[in-house]
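J.: Build me a model from this:
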Amino acid sequence: MKTVLLSLAFLMSFNLATSQVGDVEVREEPVLVGTGHRNQRYLPKLQYQNTSEGRYYILSYLNAEYPNLNDAKVVGFFATEDDIEYVYDFLKGGYDNDEDRSLKVGEDVIRTEKTVSKKSIIVFVDHKDEPSGFFYLTTKQLDRLFGKAD
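T.: Coordinates of the predicted model:
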């Protein structure tokens, strides 16, 4: 009986010594840069979070490939304000450019293409580790998404 109790005590102390639980880290809420929809609860949405490595941006969108499903996707990347301005200019240039254009953002690649009506662009996102997706943006939605509209 004594050896059984000693064995159990040893196993429990070994289990506690190899515990994987760490300290609680409190994260601040992401800051909303803008949303492509007038209602800020809808997507696409651009947010950032301050981290020790810098500002981490999160672009969330609904994949338009499956309009009857809620296929929300996310592009995450570290960027400065100048980098975000560059992404904005890249997307804005898609309305005037007929060429196939692409920009690496974090681990993913963003491509733009004009729609037939030329009033909006299609933003394709080639995700590194998951299926690609796309969404539509008018110029007004792009300005709202990057916080440049009233």
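
J.: okay, CA-based contacts and neighbour counts for the rest of this
T.: OK.

J.: any idea how far residue 57 is from residue 96?
T.: The gap separating residue 57 from residue 96 is 26 Å, by CA to CA, to the nearest Å.

J.: and those two? which has more neighbours close in?
T.: residue 57 (23 against 12; other CA atoms under 10 Å).

J.: is it fair to say that one lies in a strand?
T.: Yes - under DSSP: H, G, I helix; E, B strand; the rest coil, residue 57 falls within a strand.

J.: Once you drop chain neighbours, what's closest to it?
T.: Setting aside the residues directly before and after it, residue 57 is nearest to residue 48 in space (CA to CA, 6 or more residues apart in numbering), at 4.1 Å.

J.: Give me the sheet partners of the host helix or strand of that neighbour and which way each runs.
T.: Using DSSP states H and E, residue 48 maps to strand 45-51. Here strand 45-51 is paired, per DSSP bridges, with strand 31-35 (antiparallel), strand 54-62 (antiparallel).

J.: List the contacts of that strand.
T.: For strand 45-51, contacts defined as CA atoms under 8 Å, 6 or more residues apart in numbering pick out 28-36, 55-61, 145-146.

J.: Try it again at 6 Å.
T.: The contact list for strand 45-51, computed with CA atoms under 6 Å, 6 or more residues apart in numbering, reads 30-35, 55-60.

J.: Identify the residues contacting the closest residue to residue 46 other than its chain neighbours.
T.: Leaving aside its sequence neighbours, residue 46 sits nearest to residue 59 (CA to CA, 6+ apart; 4.6 Å). When contacts are counted by CA under 6 Å, 6+ apart, residue 59 touches 45-46, 74-75.
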